[in-house]
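Enquirer: here are the coordinates; sequence isn't available:
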């Protein structure tokens with residue numbers, strides 16, 4: 001009798017333990033925490049977690065005050081509200097450059113980004129905008145200050161190619177770190193046919209190449225392949241300021257992981273110690289930019 005009771009009790013205990021053991025084996029995974037999603041997203045092997053794009057752009061600039069200091073020449077003056085354009089100055093020139101396989105002469109734009117969440121709605125991005133800035137030859141602008149140790153009294157001056165030709169022509173390079181948000185608008189998510197809203201905010205450095213003629217004197221920095229960058233007075237590109245900007249537009253996936261983007265960007269830049277002949281120039285820049293690019297995920 002005692003033996004039968006022990007066997008019955010043992011069987012009951014085993015039967016009670018089986019459901020909980022089975023549930024533990026078959027229960028669905030718990031929802032992933034934000035940390036789990038983040039860890040998954042930053043793994044190097046995560047599919048299509050990176051993206052790269054290349055494109056072209058046009059820029060428009062607000063009038064800007066450009067201050068020039070050349071102590072050895074007795075010059076310390078400001079050109080007020082100077083007007084400027086990008087380069088090439090028209091869309092046809094850009095198309096001509098592309099057909100001649102000259103891909104880097106027009107204003108070009110490159111981006112390398114990495115998604116930082118599993119849903120691919122947020123990314124960190126390195127952004128290089130190779131923009132160009134040329135003051136408009138033949139415009140009339142007010143000039144104040146001192147030239148040749150003499151105070152200026154005439155007021156307005158015509159900016160000829162010898163009096164004042166100021167170019168950040170190769171170019172006015174914005175190198176920025178962006179935070180990027182993607183919002184689904186239409187079509188299947190993460191599939192061909194998807195349309196997304198793209199929003200960017202970022203900041204970084206300005207790395208221009210200065211090419212100018214001030215009062216008949218041209219700035220010379222030597223060949224590009226000798227002193228490339230970034231801090232010496234004769235370097236081709238020099239770290240001359242900082243920039244910040246915002247951008248909004250659309251991304252459309254048209255084939256597998258390939259996409260096209262059309263965006264509008266607004267940026268502010270502060271330039272200082274831009275090389276001119278025996279001196280330097282300072283200015284602030286407000287820029288509006290339209291960018292058309294194509295890219296892929298990898």
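Expert: Sure thing, it's come through. This is a predicted model, so every value here is computed, not measured.

Enquirer: Only C-alpha atoms from now on, for both contacts and neighbour counts.
Expert: Noted.

Enquirer: which residues of the protein fall in helices?
Expert: 2-26, 34-41, 91-99 (DSSP state H).

Enquirer: Which residues does stretch 131-148 contact?
Expert: Residues outside stretch 131-148 that contact it (Cα atoms under 8 Å, 6 or more residues apart in numbering) are 57, 59, 73-87, 107-108, 151-153, 155-161, 165-174.

Enquirer: what pairs with the residue nearest to residue 65 when sequence neighbours are not counted across the strands?
Expert: For residue 65, ignoring the flanking residues on the chain, the nearest one in space by Cα to Cα, 6 or more residues apart in numbering is residue 80 at 4.4 Å. Residue 80 has these beta-bridge partners by DSSP bridges: residue 142.

Enquirer: Buried subset of the contacts of stretch 131-148 as a PyMOL selection?
Expert: Command for PyMOL that selects the buried part of the contacts of stretch 131-148, burial taken from 16 or more other Cα atoms under 10 Å:
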select buried, resi 57+59+75+76+77+78+79+80+82+83+84+85+86+87+107+108+157+159+160+161+165+166+167+168+169+170+171+172+173+174
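
Enquirer: could you measure the closest residue to residue 52 other than its chain neighbours against residue 78, distance?
Expert: For residue 52, ignoring the flanking residues on the chain, the nearest one in space by Cα to Cα, 6+ apart is residue 112 at 4.6 Å. Between residue 112 and residue 78 the computed distance is 38 Å (Cα to Cα, to the nearest Å).

Enquirer: residue contacts, residue 55?
Expert: Contacts of residue 55 (Cα under 8 Å, 6+ apart): 108-110, 291-294.

Enquirer: pLDDT below threshold where in the stretch 101-250 of the chain?
Expert: Along the stretch 101-250 of the chain, segments meeting pLDDT under 70 are nowhere present.

Enquirer: got a list of what the residue nearest to residue 52 touches?
Expert: Residue 112 sits next to 50-53, 125-127 when contact means Cα under 8 Å, 6+ apart.

Enquirer: what's the answer for residue 108, then?
Expert: Residues near residue 108 by Cα under 8 Å, 6+ apart: 54-57, 129-131.

Enquirer: If we ignore the residues flanking it in sequence, what's nearest the residue nearest to the spatial centre of the chain?
Expert: The centroid of the chain falls nearest to residue 127 when counting by Cα atoms, centre = their mean (3.2 Å). Counting by Cα to Cα, 6+ apart, residue 111 is the residue found nearest to residue 127 once chain neighbours are left out, at 4.6 Å.
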